[in-house]
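> With the sequence up front, the predicted model follows.
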Amino acid sequence: MIDIPARMVGLDWGTTSCRAYLLGEDGTVLDRRLDGRGVLALSRSGENRTAAFEQELDDLCGEWLRSAPGLPLVACGMVGSNQGWAEAEYRHLPVDLTERPESLTEVPTPLGPLFIIPGLFKDGTAGSPSDHPDVIRGEETQVLGTLPSGTGDTAAGTGDAADDGAGSPAVVVLPGTHTKWLRLEGTRVSDFVTTMTGELFGLVMQHSIVARLAEEPQAPDLDAFDRGLDVAFAATEPVPAAPTDVATSLFSARTLVMAGELEPTAVKDYVSGLMIGAEVERFAHLWIGEQDIAGGRITICANAQLGGRYARALERAGIASDLAPEDAVVAGLWRTALALGLIDKEDS
């Protein structure tokens, strides 16, 4: 039974998971479901895709919506990709996150219409060997949720307008299956880059020769993680002892076990250190400039365990960081619903 009036349901529906939130006044989380299946599982389930997504939505939110029918349903993430439920539009960079999206993609469901937030698209530079087109789905909503309280009121058409979205450059990293490094100028996204570290880690630990010697640890082994960082950051030494690119160093996760120098239960955390370290080391030297970190700190949007690993790697690179609230996406979903008039500000 819902004691506090519910106002909306928000969904962070990504590649590997779906998290659903029942929100009350001012975006307060009344209930949550964090174990939903992601886009990959649903699109490969063998079921009719629409039926698979409808069933997952019902499993996660059906009880809430039958108790309080008519609540707005707002989703962000890969659910709006061409692999998801329905393809939503993109907004092209630069994008001020506090500006209203022109529209949301509306998907009819048995529980009521589901509104999918548009992602962001970077056009890149034609013919460039490094500045490629890139996309974001879901992370834009997380970043909106990290902005100072009240920032989103401008998007909702209330309060004072922001200057013009400009401000001191800042960097936000959003670790996950596909990690995003995002450059933010005030409330405006000016650039971002995707790395597949999370997905590659999963593939290595499930399907590679390295995985055959690995055993599941009973608890995180941060010493093994730091050892992986040591290898990744050896590339910054004046004369590295050996090539330290991640494709070369990964094989050491096998040979160290064979030599008795690494426990099989430490392999997973060692590989995590290798891969996160290689990613952070590269971005620290090639993408993050002096102007990004002078007088400021990088913001990490992730759960405490994964965010803590990125913080350790950034510290190794001499870069300070702060961990955003874990439910930042909830604030972003709420602000977007306000901006589109799905929730009346006067009643919230």
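Looks like it came in fine. The structure presented is a predicted model; accordingly, all values stated were derived computationally and were not measured.
> Looking at per-residue confidence, what score does residue 99 get?
At residue 99, the predicted lDDT confidence score is 89.
> try residue 162
Reported pLDDT for residue 162: 42.
> One more: residue 245?
Per-residue pLDDT puts residue 245 at 83.
> Look up how far residue 210 lies from it.
Counting by Cβ to Cβ, to the nearest Å, the separation of residue 245 from residue 210 is 16 Å. Any C-beta I mention is one placed from the backbone N, CA and C, and that applies to glycine too.
> The two: who's more crowded?
A direct count of neighbours by other Cβ atoms under 10 Å for residue 245 and residue 210 places residue 210 higher, at 20 against 11.
> Direction included, what does the particular helix or strand that has residue 30 in it pair up with?
Per DSSP states H and E, residue 30 falls inside strand 29-37. Partners of strand 29-37 in the sheet, by DSSP bridges, are strand 17-23 (antiparallel).
> Show me the contact partners of the strand it pairs with.
Strand 17-23 is contacted from outside by 2, 6-13, 29-38, 56, 60-61, 64, 79, 327, 329-330, 333-334, using Cβ atoms under 8 Å, 6 or more residues apart in numbering.
> Going through those, which ones are buried?
The neighbour count (16 or more other Cβ atoms under 10 Å) marks 6-13, 30, 33, 36-38, 56, 60-61, 64, 79, 327, 329-330, 333-334 as buried among the contacts of strand 17-23.
> just the helices in the stretch 201-348 of the chain please.
Remark: helices assigned in the stretch 201-348 of the chain by DSSP state H, counting those that start in this stretch are 222-233, 246-249, 252-258, 267-286, 290-293, 304-316, 328-339.
> so can I have TSV of these showing distance to residue 110?
Shown next, in TSV, are the helices of the stretch 201-348 of the chain (distance: least, Cβ to Cβ, whole Å):
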stretch	distance to residue 110
helix 222-233	45
helix 246-249	46
helix 252-258	47
helix 267-286	41
helix 290-293	47
helix 304-316	35
helix 328-339	21
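> highest average neighbour count across those helices?
Highest mean neighbour count of these: helix 328-339, a mean of 25 (counted as mean count of other Cβ atoms under 10 Å).
> Could I get the contacting residues of residue 223?
The contact partners of residue 223, by Cβ under 8 Å, 6+ apart, come to residue 266.
> do you know how far it is from residue 309?
For residue 223 relative to residue 309 (Cβ to Cβ), the value is 13 Å.
> and if you look at residue 140?
23 Å.
> buried stuff in stretch 57-71?
57, 60-61, 64-65, 68, 71.
> Please state the offset of it from the chain centre?
Here the centre of stretch 57-71 is set off from its chain's centre by 25 Å, with Cα atoms, centre = their mean, to the nearest Å.
> Show me what the mean pLDDT comes to for that stretch.
Mean pLDDT, computed over stretch 57-71, is 96.
> Now do the strand holding residue 30 against helix 328-339: the angle between them, please.
With axes from the mean of the first three to the mean of the last three Cα atoms, to 10 degrees as the basis, strand 29-37 and helix 328-339 are set at 110 degrees to each other.
> which secondary structure elements does whichever helix or strand comes after strand 29-37 contact?
Toward the C-terminal end, the helix or strand that comes next after strand 29-37 (DSSP H and E) is helix 39-43. When contacts are defined as 3 or more Cβ pairs under 8 Å, 6 or more residues apart in numbering; DSSP states H and E, helix 39-43 sits against helix 49-67.
> Tell me which residues are up against the helix it packs on.
Residues outside helix 49-67 that contact it (Cβ under 8 Å, 6+ apart): 1-2, 6, 9, 11, 18, 20, 22, 31, 33, 36-37, 42-43, 45, 47, 71, 73, 79, 84-85, 109-112, 114.
> dump the residue contacts of the residue nearest to residue 200 when sequence neighbours are not counted.
Spatial nearest neighbour of residue 200, excluding adjacent residues (Cβ to Cβ, 6 or more residues apart in numbering): residue 275 at 6.7 Å. Residues in contact with residue 275, defined by Cβ under 8 Å, 6+ apart, are 197, 200-201, 204, 228, 232, 246, 250.
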